[in-house]
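Colleague: what follows is a predicted protein model with its sequence.
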Amino acid sequence: MVSFQPDCCHLWNKALAIGLYINAGENPIVGLITFFTDESSFLPIVVMNEFAHSTTAATHYSATAKWLHWVMAVLIFGALAMGFYMQGLPFSPGKLQWYSWHKWLGVSLFFLVLLRLLWRFTHRPPALPGHMSGLERLAAHLGHIALYGLMLAIPLSGWLMSSAKGIPTVWFGVLPLPDLLSKNKEVGDALQTLHVVLNLTLLGVLLGHVGAALKHHFINKDEVLIRILPRRS
Ligand code: HEM
């Protein structure tokens, strides 16, 4: 059951943060409901929560890791679908609107993956099941590293491409983002090819990732899929 408890007096880094956290069983979500003081910020509170977690051997993913996984999975499938759809549209104001939405989503995913990496580096994930061979473990680790790399590289290549093509990115139509490169058509075209190739690679890696998750669940009948599902506390 979800309950609300006062959580005060975090003294890590000599900071005092007064807040609330959602205590969902063994996985409190710290920082989502927080009263901010002038001196503290969202990030230190999140990090403190993770340091607290990383001292114990994890048996499943923390609620925040699960949220990041599934929210990003939905957004990534959305961005992929949008990217492939809008490419084929005839030139029109509607097409430009799709490009803007795609770019806003991509930049949001870029910031989300930075947060997720911070989370991952400060939070030990659960160990892989004992029945897996050395080769399967290696494949799982390499697959996860590839996914993190692609989650970073894809939005970054899009942002670089947009800069090189001389099209500014205004995040959600409000926040102008800096151009990462000066205008250069050849570089822009090369980055466009790179962006497509990286997305096709992501689709391939995801096919393996989802296939492996289903194999764990239906053939090995282990906890690997269950432990990342939102409902498990
Ligand atoms: C239907 C879609 C998906 C399913 C069923 C799924 C399933 C899973 C499962 C079961 C795990 C846990 C593996 C373990 O415990 O060792 C996992 C972890 C992970 N997933 Fe997914 N996933 C999906 C989509 C995605 C997408 C779209 C991405 C990003 C492109 C992604 C990136 C990751 C990463 C990076 C991890 C490793 C987390 C860690 O660092 O331990 N997943 N996924």
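Modeller: Structure received.
Colleague: wait, does the helix or strand harbouring residue 141 contact the ligand?
Modeller: Using DSSP states H and E, the element containing residue 141 is helix 134-164. Yes. Helix 134-164 reaches the ligand (Cβ under 6 Å from any ligand atom) through 140, 144, 147, 148, 151. Bear in mind the C-beta positions are built from the backbone N, C-alpha and C, glycine included.
Colleague: not counting sequence-adjacent ones, nearest residue to the first one?
Modeller: Right, residue 140. residue 128 (6.0 Å; Cβ to Cβ, 6 or more residues apart in numbering).
Colleague: what about that neighbour, which SS state?
Modeller: Three-state call for residue 128 (DSSP: H, G, I helix; E, B strand; the rest coil): coil.
Colleague: likewise the one 3 residues further on?
Modeller: Of the three states, residue 131 takes coil under three-state DSSP.
Colleague: and the residue most central in space within the chain, which of the three is it?
Modeller: When Cα atoms, centre = their mean is applied to the chain, the residue found nearest the centroid is residue 113 (3.8 Å). Secondary structure assignment for residue 113 (three-state DSSP): helix.
Colleague: quick one: which of the residues of helix 134-164 next to the ligand has the most company?
Modeller: residue 151 (20 neighbours; other Cβ atoms under 10 Å).
Colleague: ok, and the closest non-adjacent residue to residue 164?
Modeller: Per Cβ to Cβ, 6+ apart, closest to residue 164 is residue 188, 3.7 Å.
Colleague: need the contact list for the one you found.
Modeller: 161, 164, 165, 166 (Cβ atoms under 8 Å, 6 or more residues apart in numbering).
Colleague: any idea how many residues pack against residue 116?
Modeller: If you count neighbours by other Cβ under 10 Å, residue 116 ends up with 20.
Colleague: how near is it to the ligand?
Modeller: According to Cβ to the nearest ligand atom, to the nearest Å, residue 116 stands 8 Å off from the ligand.
Colleague: could you do residue 202 as well?
Modeller: 6 Å.
Colleague: tell me the spatial nearest neighbour of that residue, not counting adjacent residues.
Modeller: Using Cβ to Cβ, 6+ apart, the closest residue to residue 202 is residue 150 (4.6 Å).
Colleague: and if you look at residue 143?
Modeller: According to Cβ to Cβ, 6+ apart, the nearest residue to residue 143 is residue 209 (5.8 Å).
Colleague: I figured that neighbour hits residue 145, correct?
Modeller: No. Contact criterion Cβ atoms under 8 Å: residue 209 and residue 145 do not qualify, at 11.9 Å.
Colleague: between the two, which one's more packed in?
Modeller: Applying other Cβ under 10 Å to residue 209 and residue 145 shows that residue 209 carries more neighbours, namely 17 against 10.
Colleague: and the helix or strand the more buried one falls within, how far from the chain's centre?
Modeller: Element membership for residue 209, per DSSP H and E: helix 185-215. On the basis of Cα atoms, centre = their mean, to the nearest Å, helix 185-215 sits 16 Å off its chain's mean C-alpha point.
Colleague: likewise for stretch 163-174?
Modeller: Offset of stretch 163-174 from its chain centre (Cα atoms, centre = their mean): 22 Å.
Colleague: okay, now residue 103: neighbour count?
Modeller: For residue 103, using other Cβ under 10 Å, the count is 23.
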